[in-house]
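1. Below are the sequence and a predicted model for it; my questions follow.
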Amino acid sequence: MKTTNSIFTDLPTTVFETMSRLPVEHGAINLGQGFPDVDGPEDVRAQASVALMTGPNQYPPMLGVPELRQAVASANKRFYGFDIDWQREVLVTSGATEAIADSLMARIEPGATKSS
């Protein structure tokens, strides 16, 4: 039995997929999405390794790590004067595609994830 998503099935390829595919097809460097062409500084990778071995390394909370959500709210206050409640109004996603999908789903059926 084949299952499809009625909302997303007929959508065209995203700009993110297109921008990733084009450089590969043409042997170009993808400057649009920040793909690194090196592994990064060894000291940074060493610290990341230590953090993975000694700190939390599982999935974060669904809304994002509280300290990061607080920092996002604080930055919005500092730079834009917005009073944002980090507990109710800040969501951290793992990328632009997820953020766009979350935004669309929130507008398509607001409150659908609330418990009864």
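-> Noted; the coordinates are in hand. Numbering: from 1, shown residues only.
2. Let me see the mean pLDDT of the longest helix along the chain.
-> Scanning the chain for the longest helix, with DSSP state H as the assignment, gives helix 66-80. Helix 66-80 shows a mean pLDDT of 97.
3. Using neighbour counts, pick out the buried residues of that helix.
-> 69, 72-73, 76 (16 or more other CB atoms under 10 Å). Where C-beta positions appear, they are placed from N, C-alpha and C, glycine not excepted.
4. Alpha carbons only: can I get that helix in PDB?
-> The C-alpha trace of helix 66-80 is given here as PDB (Å, rounded to 0.1, in the frame of the first residue of the first chain):
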ATOM      1  CA  PRO A  66      16.400  25.900  26.300                       C
ATOM      2  CA  GLU A  67      19.700  27.900  26.500                       C
ATOM      3  CA  LEU A  68      19.600  28.400  22.700                       C
ATOM      4  CA  ARG A  69      15.900  29.400  22.700                       C
ATOM      5  CA  GLN A  70      16.700  31.900  25.500                       C
ATOM      6  CA  ALA A  71      19.600  33.300  23.500                       C
ATOM      7  CA  VAL A  72      17.400  33.700  20.400                       C
ATOM      8  CA  ALA A  73      14.800  35.700  22.500                       C
ATOM      9  CA  SER A  74      17.500  37.800  24.000                       C
ATOM     10  CA  ALA A  75      19.100  38.600  20.600                       C
ATOM     11  CA  ASN A  76      15.700  39.600  19.300                       C
ATOM     12  CA  LYS A  77      15.200  42.000  22.300                       C
ATOM     13  CA  ARG A  78      18.700  43.400  21.900                       C
ATOM     14  CA  PHE A  79      18.800  43.900  18.200                       C
ATOM     15  CA  TYR A  80      15.100  44.500  17.300                       C
END
